[in-house]
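[1] sequence unavailable; structure follows:
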């Protein structure tokens, strides 16, 4: 039976992390709300599929099992499809990296919603400017410098070394999201993170990922998602002195 | 060999979620920085223990394995010490709940740091007031109402039914953290979440947890941690109409 994915049908959002694992795995899946609309997502979150309810999408149904939380779903799928280490210790390290990527994505989201997800961006624009400044100049360099160090520790080309695992797909997508949302800030320091840049390019060149991106299954970034391009939140100001350097190997 | 936990020695913070699993498991562990100070935490984060570096503490060392990310460590320990379901599907549901608790804790933190973790609270106090208002009136009721529904779906008394698992310990700690930080807001709607309130009391009454709390291994909440009592961020305004009710079973 194919997996059933329940996620908003109009944005890449957090669902994209799951879609990328499914696509690279070559797994059969139905992106249910692309056919049935938002109501299917709301029903899945409410618990109508059985099991425990979810606080938010994405939700994945695998036979009788229904699970939520993006990093959890990615790990579950990665383990089942050869995109995770074979041993418990290695799997814990892969999940550590995935959760760190999830933290970065959540902070990217919070730049446009620093006061609260229940309010519109337009109602928190001034706070968003301050939050985005801090995110661009301190947090992006800190996180991406960190992943550069992880690549240094593993020897690359992937985060855990020679084998592609699920957090590689997620890191690449996050880099692309950050480039979409903060193109000026990102271009100002990508030279300092060559390993991360190369990893993102390598993921984009994977045949299954390239085929997915060229298909109508893949949705473009837009201003309702996790990564939003609000030019007033981007800026070419360089990272705060020492932030990238302090986290590099 | 006992586990080695590396976390800031002056706050409960995210380390407390790990400590509670270790204590309830009756596992031998050393809270390294309580003896050696902050430098031990910085070394662990930097990767000096081997393996991949961490972005932030807590870090757990189990023999040769070094892992980070709070929810990941809790799941790892829970599986090894009978505080998780035995099957992969059940474990994924437990991790889903743990990650949802982690989201709630992160949002609690962000009420006092809505602009950025790199700035002091005093430099973002006005933004914090708006963020806390949204958190108290929409997000706490949404999350705790959600866990009330999970208890309804499982039949209780624990989140996954009859067996205590690691997310129960974390939910109880989060409820106590929220009571510490937002006593007026919490008291205004605890009557609506009797299952969650009972779960928190049941965790506090577990003999090993009670003994831990009475020991000097347990640190009290304070204003450097995840949950901070800033009276200006608390308020008895009731939850927005319908927020709790909409998420109840």
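    Nice, thanks for sending it over. Not measured: the values here are computed from a predicted model.

[2] okay, CA-based contacts and neighbour counts for the rest of this
    Will do.

[3] just the helices from chain A, written as ranges.
    Using DSSP state H, the helices of chain A run over A:15-25, A:32-36, A:38-46, A:70-80, A:88-112, A:125-134, A:140-154, A:166-181, A:183-187, A:194-204, A:207-213, A:243-247.

[4] a markdown table please, covering these and showing mean pLDDT.
    A markdown table is the format used below for these (pLDDT from 0 to 100):
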| stretch | mean pLDDT |
| --- | --- |
| helix A:15-25 | 98 |
| helix A:32-36 | 97 |
| helix A:38-46 | 97 |
| helix A:70-80 | 98 |
| helix A:88-112 | 96 |
| helix A:125-134 | 88 |
| helix A:140-154 | 96 |
| helix A:166-181 | 98 |
| helix A:183-187 | 93 |
| helix A:194-204 | 98 |
| helix A:207-213 | 98 |
| helix A:243-247 | 49 |
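
[5] wait, which of these is closest to chain B?
    Distance to chain B, taken as CA to the nearest CA, is lowest for helix A:125-134 among those, at 4.2 Å.

[6] so which elements touch that closest one?
    helix A:88-112 (3 or more CA pairs under 8 Å, 6 or more residues apart in numbering or on different chains; DSSP states H and E).

[7] now check the helix it packs on, is it near chain B?
    Yes - Helix A:88-112 reaches chain B (CA under 8 Å from any CA of the partner chain) through A:89, A:92-93, A:95-96, A:99-100.

[8] TSV for these, including distance to residue B:105 and neighbour count?
    Shown next, in TSV, are the residues of helix A:88-112 next to chain B (distance: CA to CA, whole Å; neighbours: other CA atoms under 10 Å in any protein chain shown):
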residue	distance to residue B:105	neighbour count
A:89	26	16
A:92	21	23
A:93	22	25
A:95	19	26
A:96	18	24
A:99	14	22
A:100	15	23
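
[9] tell me which of the helices of chain A sits nearest to residue B:157.
    helix A:38-46 (20.5 Å; CA to CA).

[10] mind listing what's buried in the closest one?
    Neighbour-count burial for helix A:38-46, counted by 16 or more other CA atoms under 10 Å in any protein chain shown, picks out A:38, A:40-42, A:44-46.

[11] next, the angle helix B:140-154 makes with it.
    Interaxial angle, helix A:38-46 versus helix B:140-154 (axes from the mean of the first three to the mean of the last three CA atoms, to 10 degrees): 70 degrees.

[12] quick one: helix A:38-46 near chain B?
    No - judged by CA under 8 Å from any CA, helix A:38-46 makes no contact with chain B; its nearest approach is 8.6 Å.

[13] show me the contacts for the closest residue to residue A:78 other than its chain neighbours.
    Using CA to CA, 6 or more residues apart in numbering or on different chains and skipping residues adjacent in sequence, the residue nearest residue A:78 is residue A:84, 5.2 Å away. Applying CA atoms under 8 Å, 6 or more residues apart in numbering or on different chains, one finds that residue A:84 lies in contact with A:75, A:78, A:90-91, A:94, A:164-166.

[14] on that earlier part again, output the helices of chain A as JSON lines; include the columns distance to residue B:223.
    Converted to JSON lines, the helices of chain A look like this (distance: least, CA to CA, whole Å):
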{"stretch": "helix A:15-25", "distance to residue B:223": "35"}
{"stretch": "helix A:32-36", "distance to residue B:223": "44"}
{"stretch": "helix A:38-46", "distance to residue B:223": "35"}
{"stretch": "helix A:70-80", "distance to residue B:223": "30"}
{"stretch": "helix A:88-112", "distance to residue B:223": "22"}
{"stretch": "helix A:125-134", "distance to residue B:223": "22"}
{"stretch": "helix A:140-154", "distance to residue B:223": "25"}
{"stretch": "helix A:166-181", "distance to residue B:223": "32"}
{"stretch": "helix A:183-187", "distance to residue B:223": "33"}
{"stretch": "helix A:194-204", "distance to residue B:223": "36"}
{"stretch": "helix A:207-213", "distance to residue B:223": "46"}
{"stretch": "helix A:243-247", "distance to residue B:223": "26"}
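
[15] out of the ones you listed, which is closest to residue B:50?
    With respect to residue B:50, and counting by CA to CA, the nearest of the helices of chain A is helix A:140-154 at 9.0 Å.

[16] what is that closest one packed up against?
    helix A:194-204, helix A:243-247.

[17] re earlier: of the contacts of residue A:84, select the buried ones using a PyMOL command.
    One line in PyMOL is enough to select the buried ones among these; burial here means 16+ other CA under 10 Å:
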select buried, chain A and resi 75+78+90+91+94+164+165+166
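
[18] closest to residue B:199 out of the helices of chain A?
    Short answer: helix A:38-46, nearest of the helices of chain A by CA to CA, at 21.8 Å.

[19] quick one: the closest one to chain centroid distance?
    21 Å (CA atoms, centre = their mean, to the nearest Å).

[20] up against chain B, what does chain A have?
    Counting by CA under 8 Å from any CA, chain A sits next to chain B at A:51-55, A:65, A:67-69, A:72-73, A:76, A:89, A:92-93, A:95-96, A:99-100, A:114-116, A:118, A:127-128, A:130-132, A:134-135, A:138, A:143, A:146, A:149-150, A:153-154.

[21] just to revisit the earlier point, using a markdown table, please lay out the residues of helix A:88-112 next to chain B together with distance to residue B:215.
    What follows is the residues of helix A:88-112 next to chain B, written out as a markdown table (distance: CA to CA, whole Å):
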| residue | distance to residue B:215 |
| --- | --- |
| A:89 | 31 |
| A:92 | 30 |
| A:93 | 32 |
| A:95 | 32 |
| A:96 | 30 |
| A:99 | 32 |
| A:100 | 32 |
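
[22] any idea how far the residue nearest to residue A:155 when sequence neighbours are not counted lies from residue A:145?
    Leaving aside its sequence neighbours, residue A:155 sits nearest to residue A:161 (CA to CA, 6+ apart; 5.7 Å). Note on residue A:161: its distance to residue A:145, by CA to CA, to the nearest Å, is 17 Å.

[23] repeat for residue A:80
    From residue A:80 to residue A:145 the distance is 30 Å (CA to CA).

[24] likewise residue A:69?
    In terms of CA to CA, residue A:69 sits 26 Å off from residue A:145.

[25] next one: residue A:43
    Counting by CA to CA - residue A:43 and residue A:145 are separated by 40 Å.

[26] buried set for stretch A:216-236?
    Buried residues in stretch A:216-236 (16+ other CA under 10 Å): A:218-219, A:221-222, A:225-229, A:233-235.

[27] can you give me how far that stretch is from the chain middle?
    Distance, centroid of stretch A:216-236 to centroid of chain: 13 Å (CA atoms, centre = their mean).

[28] just the residues contacting that stretch, thanks.
    Contacts to stretch A:216-236, defined as CA under 8 Å, 6+ apart, come from residues A:10-14, A:105-106, A:108-109, A:112, A:128-129, A:132-133, A:136, A:177-178, A:180-185, A:188, A:212.

[29] so for that stretch, mean pLDDT?
    Averaged over stretch A:216-236, pLDDT sits at 92.

[30] one step back: filter the contacts of stretch A:216-236 to the buried ones?
    Counted by 16+ other CA under 10 Å, the contacts of stretch A:216-236 give A:10-14, A:105-106, A:108-109, A:112, A:128-129, A:132-133, A:136, A:177-178, A:180-185, A:212 as buried.
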